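> I would like to see how this sequence folds:
(chains A, B, C and D)
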2 protein chains.
Amino acid sequence: MIKISDDKSYFNQDLCDDYCPSVKEEELRERLTDVEGLSEIFKVLGDETRTKILYLLAQKELCVCDLAAVLEMSMPAISHHLRLLKMLRLVKNRREGKMVYYSLDDDHILNLIREAQEHYAEER
Amino acid sequence: MIKISDDKSYFNQDLCDDYCPSVKEEELRERLTDVEGLSEIFKVLGDETRTKILYLLAQKELCVCDLAAVLEMSMPAISHHLRLLKMLRLVKNRREGKMVYYSLDDDHILNLIREAQEHYAEER
DNA sequence: CTAACAATTAAGCAATCGTTTAATTGAATT
DNA sequence: AATTCAATTAAACGATTGCTTAATTGTTAG
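Numbers count the residues shown, from 1 in each chain, chains lettered A, B, ... in the order given. This next block holds a predicted model:
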């Protein structure tokens, strides 16, 4: 009798037929909690525009239209990114007349960027 | 005469009408080269499954079906991620009989993960 | 008040991403 | 040689992403 293809046997199965790991499945799964949720930050930096925005704001407080000009993008596009960054408390803003100035609100994010630069430098 | 909406004036325009920055546009743009290309690595880690794979492989060499079992995902799904990770030289593999064992090929990526963990820990 | 400008928000859309299912390859076992 | 199992690859699909255009809000200047 042929196996039907909807058997989803990879869920909760006891690893392979021929066991590979000396470490138990459960042990490995516990470790996973260490990295749970980390991708959120990485996802933010995974967009080049956002990384650039953060890096620019680390140099200097800038208004939206400055960012738009420097990055050669539309203001709505920049504004959307800033909204996300603000929600995550990576940037803060203040209004001054018609303009809204943004600045970095999380110095630690720079460590991440620095670390990535080192990683990048080591590739050949 | 009304301005037509396809004028794209945010390209190469001289910043805002009311100048904000004391720093010139050009200066800021030069800085941007510092972070160019970094998002590639961040994009990799921006997917939780991939971060988990890398973290697991940092603990121990594992075959594809082990990873699939621990992460409770299909083998093709895992395989796709591994292919990307290998292309970027983050992991390497070796064949042993029917199984293919993967292991970490880039220790520096762990620094990035560690840095993100610290960042995560500081949020409340 | 009205006009002008910075910024935000909303709606729509194309491109990308991560998964699934199915087919295929590679190797060992019988 | 045929079967079985691990792994990869290909095709297809739904969800998400990041942008655009258009409309709206907030503030200042005339």
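> roughly how far is stretch A:59-72 from the heart of the chain?
Its chain's average C-alpha position is 21 Å from that of stretch A:59-72, according to C-alpha atoms, centre = their mean, to the nearest Å.
> Would the host helix or strand of A:Cys65 count as contacting DNA strand C?
Assigned by DSSP states H and E, A:Cys65 falls within helix A:64-71. Yes. For helix A:64-71, a contact with DNA strand C is found by C-beta under 7 Å from any atom of the strand, at A:64-66, A:68. In this view, the C-beta of every residue, glycine as well, is placed from N, C-alpha and C.
> Just among those residues, which is most surrounded?
A:Asp66 (24 neighbours; other C-beta atoms under 10 Å in any protein chain shown).
> Let me know whether that one touches B:Cys16 as I believe.
Yes. A:Asp66 is within contact range of B:Cys16, at 6.6 Å (criterion: C-beta atoms under 8 Å).
> re earlier: wait, does the helix holding A:Cys65 contact DNA strand D?
No. Taking C-beta under 7 Å from any atom of the strand as the criterion, helix A:64-71 and DNA strand D are apart, separated by no less than 8.4 Å.
> Please put the alpha-carbon coordinates of the lengthiest helix in chain A into PDB.
Identified as the longest helix of chain A according to DSSP state H is helix A:108-122. Taking Å, rounded to 0.1, in the frame of the first residue of the first chain, the C-alpha atoms of helix A:108-122 are listed here in PDB:
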ATOM      1  CA  HIS A 108      22.900  49.800  21.000                       C
ATOM      2  CA  ILE A 109      21.800  49.300  17.400                       C
ATOM      3  CA  LEU A 110      25.100  50.900  16.400                       C
ATOM      4  CA  ASN A 111      26.900  48.000  17.900                       C
ATOM      5  CA  LEU A 112      25.000  45.600  15.700                       C
ATOM      6  CA  ILE A 113      25.900  47.700  12.700                       C
ATOM      7  CA  ARG A 114      29.500  47.800  13.700                       C
ATOM      8  CA  GLU A 115      29.500  44.000  14.200                       C
ATOM      9  CA  ALA A 116      28.100  43.500  10.700                       C
ATOM     10  CA  GLN A 117      30.700  45.800   9.200                       C
ATOM     11  CA  GLU A 118      33.400  43.600  10.700                       C
ATOM     12  CA  HIS A 119      31.700  40.500   9.300                       C
ATOM     13  CA  TYR A 120      31.500  42.200   6.000                       C
ATOM     14  CA  ALA A 121      35.200  43.200   6.100                       C
ATOM     15  CA  GLU A 122      36.200  39.600   6.700                       C
END
